[in-house]
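K.L.:
Generate a structure from the sequence data that follows.
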Amino acid sequence: MFSYKKNILLSLVFLFLLLLSTAIIMFSIDPLQHYRKATWYKPYPLEQRYLLWGLIDNYTFDSLLIGTSMSENFVKSEIDTALNFNTLLAPISGATAYEENLLIDRAIKLNVKNIIYPLDLFGFKDSIHALGTSDFPIYLENNTYWDDYKYLLNSDIIFRDTSKLFLANFMGIKSNKLKMDTFWTWKKTEDFSAKACKNAYTKLIQTNNAFYAENFHLDKSIQSFNINIFPHLKNSNINYYIIFPPYSILTYKLFLKYKKLKEFLAFKRYIVNKLNKYPHIKIYDFQVANNITHNLNNYKDIGHYSKKINSWMIQQIKQNKYRIKKDNVNKYLKKLNMDTKNYVMKNI
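P.N.:
Numbers count the residues shown, from 1 in each chain. Now for the predicted structure:
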């Protein structure tokens with residue numbers, strides 16, 4: 001009996017020491033830079049919802065770029081050169097308005113001066129406090145350490161993420177991903193073509209997949225905007241550059257088909273009118289740029305554009321083009337509405 005209890009005790013001690021040593025090693029490596037900025041290795045673009053909180057807390061910047069996948073192909077050096085910023089790129093693919101709320105709130109506490117925000121209207125289709133994933137790492141986003149064991153003993157972070165970091169830094173495997181200038185840009189192998197864009201649209205129609213349109217409701221979107229985003233935008237200590245990103249014309253055709261275009265445009269009007277009186281907020285509407293949205297070769301599906309479009313948008317902001325205000329919003333929306341109704345997709 002004594003030997004049995006001793007073996008159990010020794011096993012428990014061994015398990016405790018194993019977990020403790022693992023936690024100490026993970027604390028020392030800190031692959032997500034949760035505790036400190038990396039000094040002996042370069043950060044690797046790990047899953048955004050996990051990595052961004054450490055980058056925001058530990059890096060020096062005066063400007064933040066947030067948003068959904070519509071924000072992923074921006075290049076830090078292009079923004080900094082054009083606008084004289086020191087930018088941290090902080091997109092979250094599939095971000096909800098609530099997740100963007102958390103990012104803006106963290107940036108405000110760090111006294112950021114500028115926020116560039118491609119406002120993806122699809123981010124407002126969910127409930128007010130919706131998260132983009134069921135395993136959102138609250139233990140990294142919050143400012144407490146009592147639950148950090150979920151980070152220090154996370155098997156995915158230990159084996160998957162840490163290995164990526166080491167292979168890139170010390171073995172040269174995918175070392176190109178270590179450049180924070182282009183941290184989130186997509187693979188060069190992505191197919192940006194009219195064929196890819198049209199095929200994506202056709203597939204949505206053939207499968208009667210109206211996800212983009214059916215889940216968009218004006219009242220819900222307005223409520224989410226007013227609770228998650230608008231309170232931050234009133235902060236006059238920050239210059240906001242809000243962008244309506246240029247989805248392809250086929251996105252609007254889908255909304256038109258499912259009788260949601262009117263609500264979609266009404267949401268844009270609501271945002272512009274509500275923000276019009278704030279001089280520290282500039283809004284740019286690139287959805288009316290037909291040279292971009294009607295050229296389907298710019299897209300890999302009906303919404304996602306190539307890196308060159310992100311570069312183009314930064315130059316338009318530098319030149320203060322495509323500004324939308326209360327006095328021209330109706331003209332812009334009328335144009336987009338008519339362009340959508342008149343557009344005829346050519347055969348693939």
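K.L.:
where do the helices sit along the stretch 101-250 of the chain?
P.N.:
Using DSSP state H, counting those that start in this stretch, the helices of the stretch 101-250 of the chain run over residues 138-141, 149-152, 155, 162-170, 194-206, 211-214, 218-224, 230-233, 249-257.
K.L.:
Not counting the first one itself, show me its contacts.
P.N.:
To tie it back to what came earlier, the one meant is helix 138-141. Identification of contacts with helix 138-141 by C-beta atoms under 8 Å, 6 or more residues apart in numbering yields 32, 34, 50, 53-54, 102, 106, 147-148, 150-151. All C-beta atoms are positioned from the backbone trio N, CA, C, and that covers glycine.
K.L.:
nearest to residue 294, of those?
P.N.:
For those, the residue nearest residue 294 by C-beta to C-beta is residue 102; the value is 35.6 Å.
K.L.:
Now that closest one: closest residue in space that isn't a chain neighbour?
P.N.:
Distances taken as C-beta to C-beta, 6 or more residues apart in numbering place residue 141 nearest to residue 102, at 6.2 Å, with adjacent residues excluded.
K.L.:
Tell me, how many residues neighbour that neighbour?
P.N.:
Neighbours of residue 141 under the rule other C-beta atoms under 10 Å: 17.
K.L.:
how about stretch 233-252: buried residues?
P.N.:
Judged by neighbour count (16 or more other C-beta atoms under 10 Å), stretch 233-252 contains these buried residues: 233, 238-252.
K.L.:
Residue 140 versus the closest residue to residue 58 other than its chain neighbours, what's the distance?
P.N.:
Excluding its sequence neighbours, the residue lying closest to residue 58 (C-beta to C-beta, 6+ apart) is residue 37, at 4.1 Å. Separation of residue 37 from residue 140 (C-beta to C-beta, to the nearest Å) stands at 15 Å.
K.L.:
next one: residue 81
P.N.:
31 Å.
K.L.:
more crowded one of the two?
P.N.:
Each of residue 81 and residue 140 has its neighbours counted (other C-beta under 10 Å); residue 140 has more, 21 against 12.
K.L.:
hang on, the earlier thing: and the buried residues of stretch 233-252, which two are the farthest apart?
P.N.:
Checking those with C-beta to C-beta, the most distant pair is 238 and 250, at 34.5 Å.
K.L.:
lowest-pLDDT helix or strand in this protein?
P.N.:
Every helix and strand of the chain was ranked by mean pLDDT, DSSP states H and E. The lowest is helix 211-214, at a mean of 64.
K.L.:
where does the stretch 201-348 of the chain dip in pLDDT?
P.N.:
Low-confidence segments of the stretch 201-348 of the chain (pLDDT under 70): 209-214, 347-348.
K.L.:
Which stretches in it count as strands?
P.N.:
239-244, 281-285 (DSSP state E, counting those that start in this stretch).
K.L.:
The first one vs strand 281-285, what angle?
P.N.:
This points to strand 239-244. Counting by axes from the mean of the first three to the mean of the last three C-alpha atoms, to 10 degrees, strand 239-244 lies at 20 degrees to strand 281-285.
K.L.:
nearest spatial neighbour of residue 96, skipping sequence neighbours?
P.N.:
Closest to residue 96 by C-beta to C-beta, 6+ apart is residue 130, at 4.7 Å.
K.L.:
Kindly provide the distance from that neighbour to residue 70.
P.N.:
Taking C-beta to C-beta, one finds residue 130 at 18 Å from residue 70.
K.L.:
Look at these two and report which has more neighbours.
P.N.:
Set side by side, residue 130 and residue 70 show more neighbours around residue 70, with 27 against 15, by other C-beta under 10 Å.
K.L.:
Which residue, other than its chain neighbours, is closest to the more buried one?
P.N.:
Closest to residue 70 by C-beta to C-beta, 6+ apart is residue 245, at 4.2 Å.
K.L.:
so who does that neighbour touch?
P.N.:
67, 70, 118-120, 286-287, 305, 313 are the contacts of residue 245 under C-beta under 8 Å, 6+ apart.
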